[in-house]
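>>> Coordinates only, no sequence provided:
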């Protein structure tokens with residue numbers, strides 16, 4: 001296709017209830033010059049068969065043995081034919097003008113490392129929240145300073161020039177905790193200018209079970225090696241990411257990792273509240289902490305169900 005501009009790369013694994021929603025949102029795009037590269041990562045459900053049921057020639061399915069989302073994304077990027085890679089997770093979706101707006105940004109602000117938009121997050125309890133950002137449209141020159149207080153990028157709300165991946169490399173296939181995308185965005189923002197629009201153009205569906213599964217993986221802190229001596233804002237940004245991971249690890253996962261994060265990021269000035277919280281959690285027996293949070297969630301669920309019944 002001579003007019004092909006975007007390759008939409010969708011890693012797919014066990015998403016038979018959601019993949020049609022994702023594909024339909026791409027096929028509804030007002031900007032038509034794209035292909036869809038779906039890489040099935042060894043699904044055992046009906047996900048790949050659902051993709052095969054689409055007759056639109058822009059939808060292409062490739063299969064691989066189960067190797068992880070980073071391998072699937074890297075394969076999709078390798079197989080893509082367009083100049084720009086638009087990433088979409090198989091259980092998320094886009095607004096109909098996502099690609100149109102991304103194309104507009106690229107034309108207005110060329111040569112950026114990535115282009116992103118504001119997103120809405122939809123929770124299983126029915127609530128919806130927009131990503132926290134007060135930014136206006138344009139290039140973010142002081143990304144790490146801004147990112148300490150703004151939620152700017154997500155794996156289903158980003159477009160990356162394919163040539164950028166050739167410079168910085170693919171997604172880190174050794175990371176299995178769901179942080180591989182954040183590591184990638186950080187690498188790109190460290191070397192290139194990046195661009196953002198506050199228009200809400202993507203929908204991210206949050207499933208808490210996915211978070212708990214990721215925490216069953218035992219991996220070390222991925223952010224410490226990205227620290228840059230003398231770069232205050234970048235180091236504080238990395239501390240924020242690491243502390244968030246550390247708090248979750250302290251409750252649900254590896255106390256070894258949680259304690260390591262507490263020691264490594266003791267320098268933080270902007271995220272002292274999170275550091276204090278982590279220090280407290282690390283000194284509470286993990287089983288007690290875990291069941292306390294489990295019980296709190298159960299009480300919230302009971303209260304929510306009672307409220308819904310009273311509303312009927």
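Cool, the structure landed. The structure displayed is predicted, hence computed values, not measured ones.

>>> C-alpha only now, for contacts and for neighbours.
Fine.

>>> Quick one, grab the pLDDT at residue 253.
Residue 253 is assigned 87 on the pLDDT scale.

>>> now do residue 305
61.

>>> In contact with residue 74, which residues?
With contact taken as CA atoms under 8 Å, 6 or more residues apart in numbering, residue 74 is in contact with 170-171.

>>> That one belongs to a strand?
No: the assignment for residue 74, made by DSSP: H, G, I helix; E, B strand; the rest coil, is helix rather than a strand.

>>> can you tell me how far it sits from residue 9?
Residue 74 sits at a distance of 9 Å from residue 9 (criterion: CA to CA, to the nearest Å).

>>> How about the secondary structure of the residue lying closest to residue 251 once chain neighbours are set aside?
Distances taken as CA to CA, 6 or more residues apart in numbering place residue 290 nearest to residue 251, at 5.3 Å, with adjacent residues excluded. When classified by three-state DSSP, residue 290 comes out as helix.

>>> Can you tell me the number of residues neighbouring residue 290?
The local packing of residue 290 (other CA atoms under 10 Å) involves 16 other residues.

>>> ok, for residue 44, nearest residue in space, not its chain neighbours?
Distances taken as CA to CA, 6+ apart put residue 14 closest to residue 44, at 6.7 Å, once the chain neighbours are dropped.

>>> Helix or strand for the one you found, just tell me which one.
Per DSSP states H and E, residue 14 falls between elements, in no helix or strand.

>>> Might you calculate how far stretch 234-247 sits from the centre of the chain?
Computed by CA atoms, centre = their mean, to the nearest Å, the chain-centroid distance of stretch 234-247 equals 16 Å.

>>> longest strand of the protein?
Ranked by residue count under DSSP state E, the longest strand found in the chain is strand 194-206.

>>> other SSEs contacting that one?
The contact analysis (3 or more CA pairs under 8 Å, 6 or more residues apart in numbering; DSSP states H and E) places strand 194-206 against strand 93-94, helix 98-108, strand 115-123, strand 138-140.

>>> rerun that using 10 Å as the cut-off
Here strand 194-206 touches strand 93-94, helix 98-108, strand 115-123, strand 128-130, strand 138-140, strand 158-161, helix 180-191, going by 3 or more CA pairs under 10 Å, 6 or more residues apart in numbering; DSSP states H and E.

>>> Quickly compare the ones you listed and say which is most buried.
A comparison of the helices and strands packed on strand 194-206 by mean neighbour count, using mean count of other CA atoms under 10 Å, puts strand 93-94 on top with a mean of 26.

>>> So what are the sheet partners of that strand and their directions?
Next to strand 93-94 in the sheet, as set by DSSP bridges, lie strand 194-206 (antiparallel).

>>> how distant is the partner strand from the center of its chain?
11 Å.

>>> Can you give me the buried ones in that strand?
Buried residues in strand 194-206, counted by 16 or more other CA atoms under 10 Å: 194-198, 200-206.

>>> taking the mean pLDDT, what do you get for that strand?
For strand 194-206, the mean per-residue pLDDT is 96.

>>> again with stretch 106-123
96.

>>> Over to it now: how far is its first residue from its last?
End-to-end distance for stretch 106-123, by CA to CA: 31 Å.

>>> Please apply the same query to stretch 100-115.
12 Å.

>>> Quick one: distance of it to the chain centre.
Remark: stretch 100-115 is offset 20 Å from the chain centroid, using CA atoms, centre = their mean.

>>> again, but for stretch 92-101
16 Å.

>>> just to revisit the earlier point, and the helices and strands packed on strand 194-206: which comes nearest residue 271?
When the helices and strands packed on strand 194-206 are compared by CA to CA, helix 180-191 sits nearest residue 271, at 18.4 Å.

>>> Do you have the helices of the protein handy? List them.
Counting by DSSP state H, one finds helices in the chain at the ranges 19-27, 47-52, 69-79, 98-108, 143-147, 162-168, 180-191, 208-215, 232-252, 255-264, 272-282, 286-311.

>>> The residue nearest to residue 251 contacts residue 254, doesn't it?
No: applying CA atoms under 10 Å, one finds residue 290 not in contact with residue 254, separated by 12.0 Å.

>>> low-scoring stretches of this protein, by residue?
1-2, 208-218, 300-312 (pLDDT under 70).
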